[in-house]
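*Asks:* Predicted model and sequence follow; I will ask about them next.
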Amino acid sequence: MRVTWATDQGSAERGNEDFVAAAAGAVVVLDGCGLPLGTDLGCVHGTAWYARSLGTRLLARMLDGIGPSAGPPVGPPEGAHTPGERPLVARLAGAIADVAASHRATCDLRAPTTPAATVLALRLRGGDLVDYLVLADSTVLLEGRDGVREITGGHHYAAADPAAAEAAITGTVPVDDLRRVFLMTDGATRLADLFGVTDWAGLAALAADPGPAALIERTREVERTDPSAVRWPRGKVHDDATVAVCTFPRHSRRPPT
């Protein structure tokens, strides 16, 4: 699996609260929930820190046990989840618990504005299966023989409670059924779901060629035509935008038996 990505902050007033990282056979994309500047998060670290911390911990947990002969997966704290039927859910729950434990002593995790994020995760398992996870309003596009299929994960976010992971949409697809998978934060899906200048298939085609950076730049061009958010009402004129493209070259697949 080959992964390419691009990310861009939406405003100079705040850092990029998206996060993307990849390693051999796995990728994560998170969108930190950006509240109005000056909001008391009850946390001394901030939203960008939370997205980065959760993303790195989730990626590490996903890499453990990724190979066909690896040992048992790392699960969440005892009693929280069973890491059997939906292993990426268990790994996300464990990562959420890890981050909560890392700043519980300094921050008020009970605050309703405690840092939170959407989560996308994908891994190649055993060479022939692809697992994916979607939590909240970021999007996964699966491109296969029958075109492009969109998956968006609802209204539950990762924050301080590991149980939020149970709300994730998950699935497993044979790698031979896939050409590419696209992971996008909502700042990168605007051309299709907000502006309506293309559909999901067109969005995927733009992300594939010229590529993720070109998709984000095209989004910025359209945003700049509506600087007051009148034509397309939206909370942020420019939002953080991240796109990761996972490609599954045919030569890397197992020969048919």
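*Replies:* Looks like it arrived, so ask away.

*Asks:* Apart from its neighbours in sequence, what residue is nearest residue 115?
*Replies:* residue 50 (3.5 Å; CB to CB, 6 or more residues apart in numbering). C-beta coordinates here come from the backbone N, C-alpha and C atoms, glycine included.

*Asks:* show me what contacts the one you found?
*Replies:* With contacts defined as CB atoms under 8 Å, 6 or more residues apart in numbering, residue 50 is in contact with 32, 43, 99, 115, 116, 117.

*Asks:* out of those, which one sits closest to residue 182?
*Replies:* residue 117 (18.7 Å; CB to CB).

*Asks:* Sketch out the helices for this protein, chain order is fine.
*Replies:* Ranges of helices in the chain, per DSSP state H, are 47-63, 87-103, 190-193, 200-208, 212-224.

*Asks:* To residue 248, which of those lies closest?
*Replies:* helix 200-208 (12.3 Å).

*Asks:* list the contacts for residue 13?
*Replies:* Residues in contact with residue 13 (CB under 8 Å, 6+ apart) are residue 37.

*Asks:* And the residue nearest to residue 115, how far from residue 59?
*Replies:* 15 Å (CB to CB, to the nearest Å).

*Asks:* My guess is residue 15 contacts residue 7. True?
*Replies:* No. The pair residue 15 / residue 7 is not scored as a contact, 11.4 Å apart, by CB atoms under 8 Å.

*Asks:* Counting neighbours, go ahead and name the busier of the two.
*Replies:* Each of residue 15 and residue 7 has its neighbours counted (other CB atoms under 10 Å); residue 7 has more, 20 against 15.

*Asks:* Which residue, other than its chain neighbours, is closest to the more buried one?
*Replies:* residue 242 (4.1 Å).

*Asks:* That neighbour reaches residue 9, doesn't it?
*Replies:* No. When contacts are counted by CB under 8 Å, residue 242 is not listed as touching residue 9 (9.9 Å).

*Asks:* Show me the common contact partners of the two, please.
*Replies:* Taking CB under 8 Å, 6+ apart as the criterion, residue 242 and residue 9 both touch residue 18.

*Asks:* Show me which of those two is the more surrounded one.
*Replies:* More crowded of residue 242 and residue 9, by other CB under 10 Å: residue 242, with 27 against 18.

*Asks:* Show the contacting residues for the spatially closest residue to residue 197 that is not a sequence neighbour.
*Replies:* Closest residue in space to residue 197, ignoring its immediate chain neighbours: residue 191 at 5.2 Å, by CB to CB, 6+ apart. Applying CB under 8 Å, 6+ apart, we find residue 191 in contact with 197, 198, 202, 203, 206, 215, 218, 219, 222.
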